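from the sequence below, what's the structure:
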Amino acid sequence: MKRNPYPILSTFSLIALSVSGIITGTGTKAQNSGTAGEKPKLKPITVEMELSQKALDMEALKKSQIGYMPTGIELVAEKPTAITKEPAYAGKPKYGGFVLGNGPHSTTYFAIDEVKGEHGHIYVDLNQNGDLTDDNSGKWDEVKVVDGVTWNESRLTLHASWGTAVKEKESGSYTLFFYRRQGDMRLNWTKVTARSGKVEIGGKTYSILLSENESDAIFTVSKMTDRTRRPAQFFIDIDGDGTFKGVQETVEKKKRYTPEYYYLDKPIQIAGTWWDLAPNISGSQLTFSPSAAPGEKAPPPVEREEKELLSAGTTAPDFVAQSPKGSPLRLSSFKGKIVILDFWATWCGPCIASMPGLQKIYNQVKDKDVVVFSVNVFDEKEPFDGWIDKNSGKIYNFTFAFDPAGRDQKKSIAASKYNVSGIPTMYIVGRDGKIKTSIVGSNNEKRIVAELGKLGVSAKTE
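Numbering: from 1, shown residues only. Sure, this is the predicted structure:
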């Protein structure tokens with residue numbers, strides 16, 4: 001299988017987003033603001049949030065050690081009626097549209113033109129006048145040929161529109177990074193833009209960021225109970241280091257980590273006060289409303305303790321996951337074989353981007369008593385089933401399974417048995433059932449090949 005060549009994040013931990021919802025901050029003594037039912041005495045705070053075009057570009061993601069959640073659409077052969085003028089195509093075009101916002105000018109249409117042996121073009125109606133000939137040259141920003149497969153990628157700033165179906169109340173520029181493997185009937189993209197601002201709480205000013213995770217410029221749907229959308233995220237620079245990678249400390253010789261980014265589905269404690277956060281649909285305003293502490297008795301601020309990954313020589317803990325068809329699948333069923341144990345999720349961009357390289361290695365070693373056991377963790381069954389239907393047996397043919405614990409971190413196979421706090425994370429288990437090494441992050445094909453070599457199995461990355 002051909003690997004994905006575009007640069008991606010080396011590590012990604014979304015698990016931190018679901019812990020406690022408590023922000024303490026270095027030098028800030030956080031105290032409970034009260035128990036459930038008490039009326040908060042503070043007034044709501046509304047922060048004006050500006051569109052920041054490069055807030056989530058690759059450099060920013062790496063600095064803050066966070067990842068991206070790609071989305072995309074299936075291309076169609078039928079031309080949208082909104083397109084009224086087209087260039088002279090070299091081949092048969094495929095069409096699609098970017099939708100940013102909910103206003104009357106939220107859709108930007110495009111056409112992809114390619115013929116075999118050529119790099120192809122993407123024509124985007126940036127000014128939304130129906131004419132694909134008056135915007136740009138149609139050339140991709142970059143064309144990469146890796147292992148005989150052509151990858152196209154571009155970054156464009158598009159129009160986002162908010163309001164009603166007939167009236168635009170607000171608009172702005174919104175940058176997307178999009179990519180495609182030539183020949184595919186799908187275009188993938190992720191937003192580069194987020195909303196940024198500053199908030200003063202408890203006498204301290206914090207830099208904050210607001211990000212939606214559907215790459216459609218809609219910010220208001222944030223609840224975890226809404227299965228139709230990925231929840232929005234809130235980022236806050238507690239320690240003032242200019243990143244959102246979290247506060248890392250050593251307390252009594254134990255490494256502890258306090259995240260600086262959270263889901264908006266529950267109250268967050270900042271400088272001793274609990275707040276409910278609610279953005280408007282465009283994300284241009286973020287309202288902090290004082291909230292009673294969750295539960296009958298507010299929990300004390302507890303930082304998440306980072307556990308060390310299992311060390312080499314440890315017997316790999318056995319577990320039972322579900323095969324795509326629902327039957328039980330045990331790690332111990334691969335006894336006597338080398339196992340590349342891969343923990344991943346459908347929402348994790350770096351996890352997905354690692355799979356082509358993993359497939360390429362598997363193609364070389366599958367007849368040498370080596371298996372790839374790819375376990376979906378910190379996820380839900382519905383997106384897993386959808387992903388399997390499109391990919392397993394068609395693009396990837398190693399072994400997939402679903403962790404029945406779903407998003408429950410305490411019961412998770414990865415977290416409870418293997419001390420995994422961020423994905424993608426892999427373990428290589430030897431024929432003797434013992435762990436040989438752990439590998440965190442993506443783009444680690446060379447490391448995997450090197451570790452297999454130590455076990456007497458040869459493979460190549462190129």
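
going forward, measure contacts and count neighbours with C-alpha atoms only.
Noted.

ok, the nearest residue to E86 once chain neighbours are set aside - contacts?
Of all residues beyond its chain neighbours, the one nearest E86 is L132 (5.1 Å), with distances taken as CA to CA, 6 or more residues apart in numbering. Neighbouring residues of L132 by CA atoms under 8 Å, 6 or more residues apart in numbering: I83, K85, E86, P87, F110, Y123, V124, D125.

okay, and which of the residues you listed map to strands?
Under the assignment DSSP state E, the contacts of L132 contribute F110, Y123, V124 to strands.

out of the contacts of L132, which comes closest to S333?
Looking at the contacts of L132 and their distance to S333, the nearest is F110, at 48.4 Å (CA to CA).

from D318, how far out is that closest one?
Taking CA to CA, to the nearest Å as the measure, F110 falls 49 Å from D318.

compare these two (neighbour count), which wins?
F110 (26 against 12; other CA atoms under 10 Å).

tell me the contacts of that one?
Y95, G96, G97, F98, I122, Y123, V124, D125, L132.

dump those residues to JSON lines, plus pLDDT and distance to I338.
Putting these into JSON lines (pLDDT from 0 to 100; distance: CA to CA, whole Å) gives the following:
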{"residue": "Y95", "pLDDT": "97", "distance to I338": "44"}
{"residue": "G96", "pLDDT": "95", "distance to I338": "43"}
{"residue": "G97", "pLDDT": "95", "distance to I338": "45"}
{"residue": "F98", "pLDDT": "95", "distance to I338": "44"}
{"residue": "I122", "pLDDT": "96", "distance to I338": "44"}
{"residue": "Y123", "pLDDT": "97", "distance to I338": "47"}
{"residue": "V124", "pLDDT": "97", "distance to I338": "48"}
{"residue": "D125", "pLDDT": "97", "distance to I338": "51"}
{"residue": "L132", "pLDDT": "97", "distance to I338": "53"}
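
quick one: which of the residues you listed is most hemmed in?
Within these, V124 tops the neighbour count with 27 neighbours, counted by other CA under 10 Å.

farthest-separated two in the contacts of F110?
Largest separation among the contacts of F110 by CA to CA: F98 and L132, giving 14.4 Å.

so G120 touches K139, yeah?
Yes. Using CA atoms under 8 Å, G120 makes contact with K139 at a distance of 7.4 Å.

between the ones in strands among the contacts of L132, which is nearest V76?
Nearest to V76 among the ones in strands among the contacts of L132, with distances taken as CA to CA, is F110, at 10.9 Å.

who are the contact partners of the closest residue to that closest one other than its chain neighbours?
Nearest residue to F110 in three dimensions, chain neighbours excluded: V124, at 4.2 Å (CA to CA, 6+ apart). For V124, the contact set (CA under 8 Å, 6+ apart) comprises T108, Y109, F110, A111, L132, D135, N136, G138.

tell me how far the fourth one lies from K144.
In this view, A111 and K144 are 20 Å apart by CA to CA.

for these two, indicate the residue with more neighbours.
Under the criterion of other CA under 10 Å, the comparison of A111 against K144 puts A111 first, with 27 against 16.

SS state for the closest residue in space to the more buried one that isn't next to it in sequence?
Once flanking residues are discounted, A111 sits nearest to Y95: 4.5 Å by CA to CA, 6+ apart. What DSSP: H, G, I helix; E, B strand; the rest coil gives for Y95 is strand.

helices and strands of this protein: which one has the lowest mean pLDDT?
strand 304-305 (a mean of 53; mean pLDDT, DSSP states H and E).

next helix or strand past it?
strand 320-322 (DSSP states H and E).

can you name the next helix or strand after that following strand?
Downstream of strand 320-322, the next assigned helix or strand under DSSP H and E is strand 328-330.

contacts for that next one, please.
D318, F319, V320, A321, Q322, S323, A401.

could you redo the last one with a cut-off of 10 Å?
With contacts defined as CA atoms under 10 Å, 6 or more residues apart in numbering, strand 328-330 is touched by D318, F319, V320, A321, Q322, S323, F373, T399, F400, A401, F402.

considering those, which is situated nearest to N188?
Distance to N188 across the contacts of strand 328-330 (CA to CA) is lowest for F400, with 22.7 Å.

who's the residue nearest to the closest one when sequence neighbours are not counted bridged to?
In space, and not counting its chain neighbours, F400 is closest to S374: 4.8 Å by CA to CA, 6+ apart. For S374, the beta-bridge partners under DSSP bridges are D342, F400.

my guess is K436 meets G313, correct?
Yes. With contacts counted by CA atoms under 10 Å, K436 reaches G313, the gap being 6.3 Å.

pLDDT below threshold where in the stretch 151-300 of the chain?
By pLDDT under 70, the low-scoring segments of the stretch 151-300 of the chain are 221-228, 294-300.

could you pull out the helices for it?
Counting by DSSP state H, counting those that start in this stretch, the stretch 151-300 of the chain has no helices to list.

try the stretch 351-462 of the chain
So, for the stretch 351-462 of the chain - with DSSP H, counting those that start in this stretch - the helices run 381-391, 418, 445-454.

hang on, the earlier thing: the contacts of F110 into a markdown table, with extra columns for distance to T425?
Shown next, in a markdown table, are these (distance: CA to CA, whole Å):
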| residue | distance to T425 |
| --- | --- |
| Y95 | 36 |
| G96 | 34 |
| G97 | 34 |
| F98 | 32 |
| I122 | 35 |
| Y123 | 38 |
| V124 | 37 |
| D125 | 40 |
| L132 | 43 |
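
closest one of these to N213?
F98 (14.6 Å).

shouldn't the closest one be within a strand?
Yes. Under three-state DSSP, F98 falls within a strand.

isn't it up against L75?
No. Contact criterion CA under 10 Å: F98 and L75 do not qualify, at 11.4 Å.
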